[in-house]
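Chemist: Give me a 3D structure for the following:
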Amino acid sequence: MQHFTKLIGNNPAFESVLRSAKVVAATDVTVLIKGETGTGKEVLATALQKESKRADKPFITVNCAALPEGIVESELFGHRKGAFTGATGNKKGIFQSADGGTLFLDEVNSLPLSIQAKLLRFLESGECFPVGETRPDFVNVRIIAATNTDLARQIDEGTFRQDLYFRLNVVPLEIPPLQERKDDIDLLAKYFINHFAEQHQIEPATLSKPTLKKLRGYEWPGNVRELRNVCERLAILLSGRTIQPENLPHEFSSLKMGDATSGFSIPEAGFSLDNLEAELIHQALLKTNGNRSKSARLLGISRDTLLYRIQKHGLATH
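Modeler: Next up is the predicted model:
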């Protein structure tokens with residue numbers, strides 16, 4: 001399982017995801033990777049493919065949100081000559097190009113409903129209908145999909161098909177945000193500093209204890225990707241030196257630090273802790289439009305803890 005070594009962390013929730021991923025890697029089961037932007041969904045998808053029996057077959061990554069509007073169907077499934085204006089010849093689609101291999105559909109939540117229907121048909125039967133063709137192509141492709149949104153909410157809003165969700169969600173792997181993996185920040189930061197020193201052939205920098213504390217206190221809205229970018233900058237600019245808190249980017253001196261005091265004091269008349277907890281959870285859910293992962297991050301607790309407390313207080317999430 002050497003290709004999983006790029007997924008670094010000792011956080012229990014993260015390790016649980018990796019254990020599940022290693023089990024399903026050798027199978028052809030459809031996988032849905034969930035997580036905020038920058039958590040490492042593509043890195044995980046790549047590890048799944050590299051450790052699969054399709055490792056020597058095509059591996060195609062598609063950012064569904066970046067597919068050209070109006071020709072999404074043609075890009076994915078191909079078209080036949082004369083199918084539409086400008087179709088001067090037959091064109092193979094991405095699905096046909098991935099035959100025998102793996103297709104990673106990143107931001108699958110961005111697919112139009114009409115394309116979702118064709119993806120569902122493929123998952124159920126292996127059929128691909130090129131635009132303008134009446135007979136299907138049959139291709140053998142493993143699907144790994146990823147989303148950075150709450151698909152359950154999109155289903156409620158009518159922008160994502162529930163039946164497609166069930167077909168994609170055979171094995172869900174949810175990567176926790178870095179805010180919920182504070183115990184991994186030291187490990188990740190040191191890894192990235194050394195990695196970039198080796199990549200750029202420079203002397204590695206050293207992270208001081210106050211700097212590591214500062215890194216742990218930051219909210220990391222960009223998740224592991226943001227940490228990686230910060231470390232690359234520091235590794236290059238401070239090669240061979242000890243990185244101090246004042247060397248960190250300006251955003252680390254902003255109000256995004258999690259170690260600031262709240263200024264809250266208990267009123268003389270006291271209050272109900274349960275009622276306060278329920279109200280804070282309610283406000284967090286409203287602020288994030290019902291996104292449980294983001295709500296948990298706002299409250300400084302894990303997603304599982306939030307779900308438990310939502311049930312405890314009988315709160316509706318949407």
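
Chemist: got the contact list for Ile143?
Modeler: Thr30, Val31, Thr102, Leu103, Leu105, Leu123, Leu168 (Cβ atoms under 8 Å, 6 or more residues apart in numbering). All C-beta spots, glycine's among them, are computed from the backbone N, C-alpha and C.

Chemist: Could you dump those into TSV and include distance to Glu133?
Modeler: TSV is the format used below for the contacts of Ile143 (distance: Cβ to Cβ, whole Å):
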residue	distance to Glu133
Thr30	25
Val31	29
Thr102	24
Leu103	19
Leu105	22
Leu123	19
Leu168	25
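
Chemist: Nearest to the spatial middle of the chain, which residue is it?
Modeler: Geometric centre of the chain, nearest residue: Gly35, 3.3 Å, by Cα atoms, centre = their mean.

Chemist: Show me which positions of the host helix or strand of Leu173 end up buried.
Modeler: Here Leu173 sits within strand 171-174, counting by DSSP states H and E. Buried residues in strand 171-174, defined by neighbour count with 16 or more other Cβ atoms under 10 Å: Val171, Leu173, Glu174.

Chemist: contacts for it?
Modeler: Taking Cβ under 8 Å, 6+ apart as the rule, strand 171-174 contacts 17, 20-21, 24, 29-35, 44, 303.

Chemist: Pull the number of nearby residues for Phe122.
Modeler: 23 (other Cβ atoms under 10 Å).

Chemist: whoops, Ile115 was the one
Modeler: Counted with other Cβ under 10 Å, the neighbours of Ile115 add up to 19.

Chemist: Does it touch Leu76 like I think?
Modeler: Yes. Contact criterion Cβ atoms under 8 Å: Ile115 and Leu76 qualify, at 6.6 Å.

Chemist: Okay, now the sheet partners of the strand holding Leu173, with direction.
Modeler: strand 31-34 (parallel) (DSSP bridges).

Chemist: domain parsing for the protein?
Modeler: Per automatic domain parsing, the domain ranges recorded for the chain read 2-176, 179-253, 273-313.

Chemist: now the ones you listed as a markdown table including mean pLDDT?
Modeler: Formatted as a markdown table, these follow (pLDDT from 0 to 100):
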| stretch | mean pLDDT |
| --- | --- |
| domain 2-176 | 92 |
| domain 179-253 | 94 |
| domain 273-313 | 83 |
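
Chemist: returning to what we had before: restricted to helices, list the contacts of Ile143.
Modeler: Under the assignment DSSP state H, the contacts of Ile143 contribute Leu123, Leu168 to helices.

Chemist: Would you mind giving the contacts of Ile143 as TSV with distance to Leu178 and neighbour count added?
Modeler: TSV is the format used below for these (distance: Cβ to Cβ, whole Å; neighbours: other Cβ atoms under 10 Å):
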residue	distance to Leu178	neighbour count
Thr30	27	16
Val31	22	25
Thr102	27	24
Leu103	28	24
Leu105	24	24
Leu123	32	19
Leu168	25	26
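
Chemist: With respect to Phe196, which of the contacts of Ile143 is nearest?
Modeler: Nearest to Phe196 among the contacts of Ile143: Thr102, at 28.7 Å, using Cβ to Cβ.

Chemist: Quick check: that closest one touching Ile144?
Modeler: Yes. With contact defined as Cβ under 8 Å, Thr102 reaches Ile144; the gap is 6.3 Å.

Chemist: what residues are shared contacts of the two?
Modeler: With Cβ under 8 Å, 6+ apart, Thr102 and Ile144 have common neighbours Leu48, Gln49.

Chemist: what about the strands in this structure?
Modeler: For the chain, applying DSSP state E gives strands covering 31-34, 59-63, 102-106, 127-128, 137-138, 142-147, 171-174, 206-207, 242-243.

Chemist: and among those strands, the most buried is which?
Modeler: strand 142-147 (a mean of 25; mean count of other Cβ atoms under 10 Å).

Chemist: Just the angle for that one relative to strand 102-106, thanks.
Modeler: 10 degrees (axes from the mean of the first three to the mean of the last three Cα atoms, to 10 degrees).
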